[in-house]
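In: Everything below, folded, please.
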Amino acid sequence: MRKVFSVVDGVREMKALTFGLTFVRHGETQFNKEGLLQGQAIDCPLSEVGLQQAEAAGRYLKDVKFSNLFVSDMLRARQTAETIVKHNRSCAGLQLVCDPLLKEKSFGTAEGKPLQDMKDMAKAAGQSLALFTPPQGETQEQVKRRVVEFWLKMVQQVGCEHWPSSADDKRSPAPRQEADDLPVHALVVSHGAFLCVTMRYLVDDLHCPVPEGCSRARMFSLSPNAGASRFVLTLTKEDDAFKVSRMQCLFVNKGDHVQI
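Out: Okay, the predicted model is just below:
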């Protein structure tokens, strides 16, 4: 049964849908181990450690009742997502949607090189690393546009597929700010830099509160390989469009489940 309830907006009462959202970064690759930038041009598989991390993430998430599965179309992310799905009985029969919008940020000519090389390039250009774009790479704003496009598409898909019928609305209990047992729950498997931009968009643009005890620096930091972040969202509907009316971050960049 869907978690459906009414929220009061002035004198109107509107139906709403609460669902969980879990982000996972892919497991380790050999390039991660060696501290080399991968981006988009280098599509290498998970390392042996990365496969173990994906298995650990699968065991950690095995009881989450996923209803939607989204993954970057890059190999390291697909391997991670497929391993998570393998451990989860609720995923039987669900389609794993591979979306190029979820690709890692392109680092252009810096791909395949150590991160220190890009730091040196930024210094030579007189820019901070955060603002520097290597030749042929993506700017932060370009990545953010992909983040926003995916976000809007995901929200509409989840809303269209799971918006309650009138019968559901009459039977449903009040919502709880939990996620494991929500029957509508999306899994998104992507990449480190892409997820950093995503977290900043959710906090700075969509005004999601940072969890208590979590600094903004941690919120926007690089997730560990196979690390997870979780949100609970409330959707409302205006005309034929869905929008997020409330969002809560339960945790960010959790990695203790993949310590091996």
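In: so residue 125 sits right up against residue 132, yeah?
Out: Yes - look at residue 125 against residue 132 with CB atoms under 8 Å: they come within range, at 6.1 Å. Glycine gets a C-beta too; all of them are placed from N, C-alpha and C.
In: quick one: buried residues of the strand or helix carrying residue 20?
Out: Per DSSP states H and E, residue 20 falls inside strand 12-25. Neighbour-count burial for strand 12-25 flags 15-25 (criterion: 16 or more other CB atoms under 10 Å).
In: Which SSE is immediately downstream of that strand?
Out: Next along the chain from strand 12-25, counting by DSSP H and E, comes helix 30-34.
In: Show me what that next one is packed against.
Out: The criterion is 3 or more CB pairs under 8 Å, 6 or more residues apart in numbering; DSSP states H and E, and there are no helices or strands that helix 30-34 contacts.
In: Next, the buried residues of it.
Out: Across helix 30-34, burial judged by 16+ other CB under 10 Å covers 31-32.
In: The helix or strand that it is followed by: how far from the chain's middle?
Out: Next helix or strand after helix 30-34 toward the C-terminus (DSSP H and E): helix 48-60. Relative to its parent chain, helix 48-60 has a centroid offset of 17 Å by CA atoms, centre = their mean, to the nearest Å.
In: mean confidence for helix 48-60?
Out: Computed over helix 48-60, the mean pLDDT rounds to 98.
In: and it with strand 12-25, angle?
Out: Angular relation of helix 48-60 and strand 12-25 on a 0 to 180 degree scale: 150 degrees, by axes from the mean of the first three to the mean of the last three CA atoms, to 10 degrees.
In: Let me know how buried residue 226 is, in neighbour terms.
Out: Neighbour count of residue 226, defined by other CB atoms under 10 Å: 30.
In: Stretch 80-87 - what's its average pLDDT?
Out: 97.
In: swap in stretch 113-132?
Out: Per-region confidence: stretch 113-132 scores 93 on mean pLDDT.
In: Tell me how far that stretch lies from the chain's centre.
Out: Stretch 113-132 sits 26 Å away from the centroid of its parent chain (CA atoms, centre = their mean).
In: contacts for that stretch?
Out: For stretch 113-132, the external contacting residues (CB atoms under 8 Å, 6 or more residues apart in numbering) are 35-37, 107, 110, 134, 140.
In: now these: which count as buried?
Out: Buried among these (16+ other CB under 10 Å): 36-37, 107, 110, 134, 140.
In: could I get the strand holding residue 20 in CSV with only the CA atoms?
Out: This file holds the C-alpha atoms of strand 12-25, laid out as CSV (Å, rounded to 0.1, in the frame of the first residue of the first chain):
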residue,chain,number,x,y,z
ARG,A,12,-7.3,23.2,-0.1
GLU,A,13,-6.5,19.7,0.8
MET,A,14,-4.2,17.9,-1.7
LYS,A,15,-3.2,14.3,-2.0
ALA,A,16,0.5,13.6,-1.8
LEU,A,17,2.9,10.7,-2.3
THR,A,18,5.8,10.0,0.0
PHE,A,19,8.7,7.9,-1.4
GLY,A,20,12.2,6.9,-0.5
LEU,A,21,15.2,7.8,-2.6
THR,A,22,18.6,6.1,-2.2
PHE,A,23,21.7,7.2,-4.1
VAL,A,24,24.7,4.8,-4.4
ARG,A,25,28.1,5.5,-5.8
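In: start at 436 instead
Out: Right, with 436 as the first residue, what we last looked at is strand 447-460.
In: Partner strands of that strand and their direction?
Out: Applying DSSP bridges to the sheet, strand 447-460 is found paired with strand 439-444 (antiparallel), strand 620-625 (parallel), strand 663-673 (antiparallel).
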